[in-house]
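Participant: dropping the sequence and predicted coords here.
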Amino acid sequence: DYNPDQWSEAVQEEDARLMKLAHWNIATVPVFSWAHLNPAEGAYTFEWLDRVIERLTRAGIDLCLCTATASTPAWVAQHYPDVLTVDEQGRQKPHGNRHAFCPNSPSFRRLGGALVREMALRYRGQPRLKLWHVNNEYGGLWPNYCYCPRCADGFRAFLEQRYGSLARLNEAWSTAFWGHTYTSFTQIDPPFAHGERSIQTMILDFRRFQSASYLACFEHEARILREATPDVPVTTNLMGPFFALNYHDWAQALDVVAWDNYPRHDTPFTEVAFNHALNRGLRGGEPFLVLEQSPSHQNWADYCRLKPPGKLRLLSLQAIAHGAESVMYFQWRKSQGGIEKFHGAVVEHHGRSDARVFREVSELGQELAALGQRTLGARTPAKVAVVFDWECWWAQKASSGPSRDLDYHAEVVHHFAALHAAGIATDVVGPHADLARYDVIVLPVAYLLRSAQARAIVERVRAGATLVATFWSGVVDEDDRVHEGGAPGPLREVLGFTVEEFDALPPELEQGVRFASPLGSLGADVTHEASLLCERLWLANAKPLAHYTQQFYAGDTALTVNEYGKGKAYYLGTRLAQPTLLAFFAAIAAAHGIASPLRDGAAPPAGVEVTKRVSPSGEALLYLLNHGDVPQAVALPAGVYVDALSGETFEGSATLVPRGVRILGAAS
Amino acid sequence: DYNPDQWSEAVQEEDARLMKLAHWNIATVPVFSWAHLNPAEGAYTFEWLDRVIERLTRAGIDLCLCTATASTPAWVAQHYPDVLTVDEQGRQKPHGNRHAFCPNSPSFRRLGGALVREMALRYRGQPRLKLWHVNNEYGGLWPNYCYCPRCADGFRAFLEQRYGSLARLNEAWSTAFWGHTYTSFTQIDPPFAHGERSIQTMILDFRRFQSASYLACFEHEARILREATPDVPVTTNLMGPFFALNYHDWAQALDVVAWDNYPRHDTPFTEVAFNHALNRGLRGGEPFLVLEQSPSHQNWADYCRLKPPGKLRLLSLQAIAHGAESVMYFQWRKSQGGIEKFHGAVVEHHGRSDARVFREVSELGQELAALGQRTLGARTPAKVAVVFDWECWWAQKASSGPSRDLDYHAEVVHHFAALHAAGIATDVVGPHADLARYDVIVLPVAYLLRSAQARAIVERVRAGATLVATFWSGVVDEDDRVHEGGAPGPLREVLGFTVEEFDALPPELEQGVRFASPLGSLGADVTHEASLLCERLWLANAKPLAHYTQQFYAGDTALTVNEYGKGKAYYLGTRLAQPTLLAFFAAIAAAHGIASPLRDGAAPPAGVEVTKRVSPSGEALLYLLNHGDVPQAVALPAGVYVDALSGETFEGSATLVPRGVRILGAAS
Amino acid sequence: DYNPDQWSEAVQEEDARLMKLAHWNIATVPVFSWAHLNPAEGAYTFEWLDRVIERLTRAGIDLCLCTATASTPAWVAQHYPDVLTVDEQGRQKPHGNRHAFCPNSPSFRRLGGALVREMALRYRGQPRLKLWHVNNEYGGLWPNYCYCPRCADGFRAFLEQRYGSLARLNEAWSTAFWGHTYTSFTQIDPPFAHGERSIQTMILDFRRFQSASYLACFEHEARILREATPDVPVTTNLMGPFFALNYHDWAQALDVVAWDNYPRHDTPFTEVAFNHALNRGLRGGEPFLVLEQSPSHQNWADYCRLKPPGKLRLLSLQAIAHGAESVMYFQWRKSQGGIEKFHGAVVEHHGRSDARVFREVSELGQELAALGQRTLGARTPAKVAVVFDWECWWAQKASSGPSRDLDYHAEVVHHFAALHAAGIATDVVGPHADLARYDVIVLPVAYLLRSAQARAIVERVRAGATLVATFWSGVVDEDDRVHEGGAPGPLREVLGFTVEEFDALPPELEQGVRFASPLGSLGADVTHEASLLCERLWLANAKPLAHYTQQFYAGDTALTVNEYGKGKAYYLGTRLAQPTLLAFFAAIAAAHGIASPLRDGAAPPAGVEVTKRVSPSGEALLYLLNHGDVPQAVALPAGVYVDALSGETFEGSATLVPRGVRILGAAS
């Protein structure tokens, strides 16, 4: 991100000089410049941007052009207040902050569209135009749904279309429960914070509606751009596991997935890995872009911690190890004022190129230049999929019960992290993904589970795959109504049991499980920690694997397995701790010949991450990343390897300094 | 609670079959069906309810008919927005959630009244109609007071009536303090959260007014019902110590007290006992009904914990031990959707009768059937009363000072719990109760104390009773104005001292008391823990019993006793811990020959509860309940006893398994 | 504070009697009596106040007359709603609470002004009128800024005047950052909580504007009073370090500084000392008044703790030790009702003069009478200044980053406390203070630093003074824009380095510093605790004093010193703990011959405070105050001393009981 309109031409000249020094080769402009490009209705002032582009072009910098519609100018809000959002308290928010536009505002579409059209026509001939970046981080700071009268009308229309009739809506929403039966669509309001909050399906539908409304904004701009420049890809910067928007729906509208990677200083590397895998999974395993990361601080963190030496490089190469094909920054130059004036940047307030951060950015640029095209176009050959489902997240978040500690997103990450720590290549897929390529399907806390989705899973198991489902799965359908006969609903047959009842454990309460006989490295003579929820099951065909050790249901079955067709279906009736899960998954995967790419399929040492990517030409690259503070040696499979970064050769094992990275290819 | 309108006729047929199996004999219908019975103004659709009633009647199930006015339909809110409440922020709340009606809405009264009249006329001939259940849990989720313009007008009228003149109101409200003197009633608004919060008496009066407004709603419906069916008792389901409504006022309007019992998984049994005693005390010791309890989960708890085996039976028999004459459930069948779809029910989502919960409900039904009429109509022969006063609660809650840890309700429970743990039969009575039957009167934290109320207490002491009053009593009058001469105000003479000053202790600060000479089992050689508040007293006639051990007032008097007429008045100038209080009360009560009904009047073992009930025929039943996790043997007075539940015979002592219950009558 | 309008004439007679007994000699009336003096527009009822004044005068009590405009009457709010404030949520607040007036309300100015004029004309001849007390605690309970349409208009006018043009405002506010460029002043709203919060300079300017608006209210009343009674000083009661109002601006409008001293029971004495020094510094070291303190409780505290015996005297003499020339109380008599009915008072609810509190007030009055004029008119001969700057506080509070634990006010107190604990006389001065009299200038966390302010400091250093600046200084200018070239901005030359980057430490992270060679009592062989922020510096001329011991920058310079002209400039790149700071300051001060007034310039024992005051006649008084719970002996410089309180003589050392005070003058 480059914001030249905050600076003098002299500073811009210095920028061009420093960009070369920093090995920058692409600049995103002009993200927040609507007001500068279009200071009044119908008036455009592109000349300054022409000069910026000319200067960048002259310096050999490619362009990622942003449509600049994210921050509506004050004059728009003043003359067309329908662009202003109404918050969940029902208050119209004054102009200001970020993303201050209603996604269903006609004025926003009209005036924003006009700007986009002007921009597209003006710059469509630019040879260095490589990417369109539409708007910016749609949805803004959560929760940024709009509850204005236009959104309320749009919501009613959305509901009429979804349900067809009031009778169907009343049934889907279970309005009979507290006697809230609607006799007219006009009686329905958005779920204001001080309004109707007792109809969970309404809340779920409002999230569906708002996600679709923002997506329609993107599609509106994208249509204009594609008409003008059919060959330039169009995207927007997603935000990882962003609650407000269902990115599985969005991804179909993007030409390439792109996202902004802002781990906190204490975010576990497995969670960052999950975010990359999530983005990779949005379009079936295609590579993706990282459009933003901070060179150092994130000013909005509780504590602005420095990224220590090597951390920026480590995070950048981690992105590549998971499928990223770009390393981009927010931002080039630290602003002199404004709310993010202490956010990290390549050029800091002192403006010096001998600063630690500038040097690290520059060295990384050099390293990436040396790597060239070698990592591009590759794929991750994963045979294991973990399902992540926005609608399930939304429904569980809206649920009253079973436990205030149950966080869908955290549970999916928890199960992914165990697989990743085992070194097993794992995709994160949406609920409608094609499962044909996967041998092991992990379904954590699939609270909301559609019948059709369940059928596809059952078919894969029947054909030989292994399913691992967990507690609190198959509870409700897409209307948030409990499946007939109770959990696990449409998985009852494949799993081979019915849930009788569940117990939610406060954190101070101990629970454990013991295996009936050893499973992989899991012995039958130890008690493994369990927590969160404990389900009691009526087994039909399922076989018990382990039982509870505490509470009145000590001795009852906690984990099961069911043979089904050519496959197997495992069930975890309670939450297992990381080490247990890691060993459990390693054992399950091994049955399909799936393992880490390291010697003997072993898990990497603690703190070390391993991934494998296979290029279109068939070259396999092994990525080893040491996130820990101590050096590590990693055991390699047979063969001689050359590090694409350092040129060093390894056989038997490879060493990694703290925050060190190796990208190993077979020696030729 | 039975909600057949959520289910098909086939499911309803299955319900009828299962109800017999579960030994159900009464069903509450149709709590939330206003919209289903009255889908538009003047239009009624009772036919489906006719069929439900016919089916229930055929199955031999009695009827508790609910007036269904709790959840206003959406069409009412749409056409008559005066039914909508305004919250304490001044925001009109959209339709939805529970109890979305303003208690001073003319439309609510008119339309709700019309429905009640239709229902009463239609079903008044039903032979199985045993009880009218008006509306549902009035006051809803706290705080549910309404601040709308109609409530504001009503508040002003209430104040004019209460005070007669502005001059009197200005005095009662101490408006001079910050110069808020009113010169017109029209200047007075409800105490909005962002409005006038500095006049505590206004807040107190608004609580009085809102409680009376909701009560007027009840009385409106009750009048209609009593006219139609003069022989069917009318009630509504109260909610234990519910802050918003003064149930001592309400009880006079009910034909029988009824309440909903929802202890959390970690609620101490003494607190549940307090709630039962509170309800028993609402109408002078009359038996009461439990209209709702959960067979297992409460979905709205932080953690949905299972009730372990035996817990439902234990809680049900505990209710009977304190005076309940019914065991009823929310709800029969778990709803498929809606906010409480994970709330416990007799029939769970799987619909099976071999479930643990269903079996426990069924066995309990069988046991109650065997018990027959034997427990009905009995009374608890208590000679000790603890005073609980909603207006005192309201006033103390509104007070600025003396300590953020001072919670009136918690303090009353604290003192009741000590008596109950000692096995001493104790009533909980309101401030206007007839005290003639009590030998010991316990007055915890009677911050707001009316002069007339104090006079009645003083008269009982003069006549021979013992008073135990505590710190922070007799501070203000019914206008929340400090009694002349300071605390303990109108108790100064009977207690024999004046409070000089008080000290509020943060929890980390230690304080203790030491007795001057032994009192019962309380030795003079140990220090007893004290906390919360410490008062320094100027003794007049009172004698010191114990002194403080810490702070600059170490050595000053902490506890006193005063001989007054034929009685005595004790005072606790600080908060004593449970074991000290238990021994203190045991000693005080013993002087009146009051003790536990166990051998030698001893306290029951820890975790065991004992009560006694005497039937109209004179039969005394001893209830022993073991709330602990270990078996207990309880020492019995001389005689041979037969357990009404098991038929077993005991002499000397009775055994109790964990969660076990005995109801012992003298062997004939 | 005396509020006779709450009481009968009989009580007022008793008051007069008790006041003599308590050695009271001045009464503040009638703080909250607007409604009683002016019950309707144009109607005045001063007769009751005439009688009050007559009775006080007769009893020999002087008058501090309050203009009574703080609490707008209900009739004013009803007829002129422009007096009502709008909160930061945009809600108009109903009448009530305290200070319910908008500072830009024309009706408030008009009607309040009329009352003030009536009062001034009526009482201007009163011989006992000693002081005008305008309004009361302006700004009320924080945050009490007003966001009404009149304030919004006033804010726009303020901005037009401050910036002259929109272009200049857009630059100062850095509106380009998120594209919020204004094209008309009418587009600007106040910074509502749900509005524009991303422009920090707007927030800063709104604070400037509101502080000035309240000040204009004061000036309006003061003008009327000064016209009527040119010889009576005019003031208002400030509230110590009160965030909402910039008292450095206010002080110029007061004839004498006055403030209300309400330490909590656990406020460190060094913080109370800071507050006194802050008030003393408001008008260049002039003595000040304490208009309010509580004789015992503060009812609004979480825990109403008693002031133990001697504490009231200790706090009162501490005020005098720092420059106070009055000991006044809120309040004379505890009110019978209202929100503060449990606030401490000289006469408590029981009304007795044999109470502990009454006796302590009375004895203190006697002691002060005996002290006579001896402490009046003196000055504190401080050579060290700590800078405290409201605008810096405001700007840092609005900043996003660097650490949520960074609290400007707490940091200034932290550095002052170390100096005070060392016994070094220290002034607290504003950013525009004349620094000529100071040899050591301490500049903690001067985040916002104006260029002109920096120039004055640099000049003092060049002329021989020592500067001690800390981390996070010189970051932004008065527009909250980062100084060109980065921190320390305009101090770069005098300090001799540039900040490369900073690291914010979460509290659980350890950091330390080690000195390169001993400095005063600070050895080079130990590690000193550091926390909060750590800056990494590029040294130019500065010399390293100490280095970090942890994190990747272990070994890098943490503390520096730079020789500049005839002076020195020290820099603390991180937060040092109290003992380190104390030793550091003692060493720095010693180089200028500055030390504690005790023997050998030693620091007083822990818990003991020492100050020195020099009277116009040249007499030096040494104040020794023991805030601890154990007796202390304090080593005195050579000479014989007499305690002005007890008449005792000391040589070598003076003893202090717990909470004991000595005021020592040289024996004549």
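Facilitator: On my side now, so go ahead.
Participant: so who does the closest residue to chain B within the stretch 251-400 of chain A touch?
Facilitator: Of the residues in the stretch 251-400 of chain A, the one nearest chain B is residue A:400, at a distance of 5.1 Å by CB to the nearest CB. Just so you know, the C-beta spots here come from the backbone N, C-alpha and C atoms, and that holds for glycine as well. Neighbouring residues of residue A:400 by CB atoms under 8 Å, 6 or more residues apart in numbering or on different chains: A:200, B:299-300, B:339-340, B:342.
Participant: wait, which of these is closest to chain C?
Facilitator: So of these, ranked by how close each gets to chain C (CB to the nearest CB), first place is residue A:200, at 26.2 Å.
Participant: phi, psi for the closest residue to residue A:615 other than its chain neighbours please.
Facilitator: Distances taken as CB to CB, 6 or more residues apart in numbering or on different chains put residue A:378 closest to residue A:615, at 4.4 Å, once the chain neighbours are dropped. Dihedral pair for residue A:378: phi -80, psi 170, per degrees, to the nearest 10.
Participant: what about residue A:378, how many neighbours?
Facilitator: As a burial measure, residue A:378 scores 20 neighbours (other CB atoms under 10 Å in any protein chain shown).
Participant: wait, isn't it in contact with residue A:616?
Facilitator: Yes: Residue A:378 is within contact range of residue A:616, at 7.3 Å (criterion: CB atoms under 8 Å).
Participant: for chain A, what's the longest helix?
Facilitator: Using DSSP state H, we find that the single longest helix of chain A is helix A:200-228.
Participant: that one near chain B anywhere?
Facilitator: Yes: residues of helix A:200-228 contacting chain B under CB under 8 Å from any CB of the partner chain: A:200-201.
Participant: got CSV for the contacts of residue A:400, with neighbour count too?
Facilitator: Listed next are these as CSV, based on neighbours: other CB atoms under 10 Å in any protein chain shown:
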residue, neighbour count
A:200, 26
B:299, 18
B:300, 14
B:339, 22
B:340, 21
B:342, 24
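Participant: quick one, what contacts residue A:538?
Facilitator: Residue A:538 touches A:497-500, B:352, counting by CB under 8 Å, 6+ apart.
Participant: wasn't it part of a strand?
Facilitator: Yes: per DSSP: H, G, I helix; E, B strand; the rest coil, residue A:538 lies within a strand segment.
Participant: assign the residue nearest to it when sequence neighbours are not counted to helix, strand or coil.
Facilitator: Distances taken as CB to CB, 6+ apart place residue A:498 nearest to residue A:538, at 4.8 Å, with adjacent residues excluded. With three-state DSSP as the basis, residue A:498 sits in strand.
Participant: I'd assumed residue A:528 was in contact with residue A:511.
Facilitator: No: applying CB under 8 Å, one finds residue A:511 not in contact with residue A:528, separated by 9.9 Å.
Participant: helices and strands around the strand or helix carrying residue A:502, which ones?
Facilitator: Assigned by DSSP states H and E, residue A:502 belongs to strand A:497-504. Packing partners of strand A:497-504 (3 or more CB pairs under 8 Å, 6 or more residues apart in numbering or on different chains; DSSP states H and E): strand A:528-539, helix B:356-371.
Participant: elements contacting the last one?
Facilitator: Under the contact criterion of 3+ CB pairs under 8 Å, 6+ apart, the helices and strands touching helix B:356-371 comprise strand A:497-504, helix B:311-322.
Participant: how about a markdown table for those, with mean pLDDT added?
Facilitator: Below are these laid out as a markdown table (pLDDT from 0 to 100):
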| stretch | mean pLDDT |
| --- | --- |
| strand A:497-504 | 98 |
| helix B:311-322 | 98 |
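Participant: TSV please, covering the ones you listed and showing mean neighbour count.
Facilitator: Output for those, formatted as TSV (neighbours: other CB under 10 Å):
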stretch	mean neighbour count
strand A:497-504	24
helix B:311-322	23
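Participant: out of the ones you listed, which comes closest to residue A:15?
Facilitator: Among these, strand A:497-504 comes nearest to residue A:15, with 55.9 Å by CB to CB.
Participant: with only the CA atoms kept, save the helix or strand that that closest one is followed by in CSV.
Facilitator: Going down the chain from strand A:497-504, the next helix or strand is strand A:511-515, by DSSP H and E. Included here for strand A:511-515 are C-alpha records, laid out as CSV according to Å, rounded to 0.1, in the frame of the first residue of the first chain:
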residue,chain,number,x,y,z
GLN,A,511,-12.7,-35.2,32.9
GLY,A,512,-10.7,-37.9,31.1
VAL,A,513,-10.9,-40.7,28.6
ARG,A,514,-9.2,-44.1,28.6
PHE,A,515,-8.8,-46.2,25.5
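Participant: and strand A:511-515, average pLDDT?
Facilitator: For strand A:511-515, mean pLDDT rounds to 98.
Participant: and for stretch A:461-468?
Facilitator: pLDDT averaged over stretch A:461-468 gives 98.
Participant: what about dumping the CA coordinates of that stretch to PDB?
Facilitator: The C-alpha trace of stretch A:461-468 is given here as PDB (Å, rounded to 0.1, in the frame of the first residue of the first chain):
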ATOM      1  CA  VAL A 461     -17.000 -43.100   3.600                       C
ATOM      2  CA  ARG A 462     -18.900 -45.800   1.900                       C
ATOM      3  CA  ALA A 463     -16.300 -45.600  -0.900                       C
ATOM      4  CA  GLY A 464     -13.400 -46.000   1.500                       C
ATOM      5  CA  ALA A 465     -12.600 -42.700   3.200                       C
ATOM      6  CA  THR A 466     -12.300 -42.200   6.900                       C
ATOM      7  CA  LEU A 467     -14.500 -39.700   8.600                       C
ATOM      8  CA  VAL A 468     -13.600 -38.200  12.000                       C
END
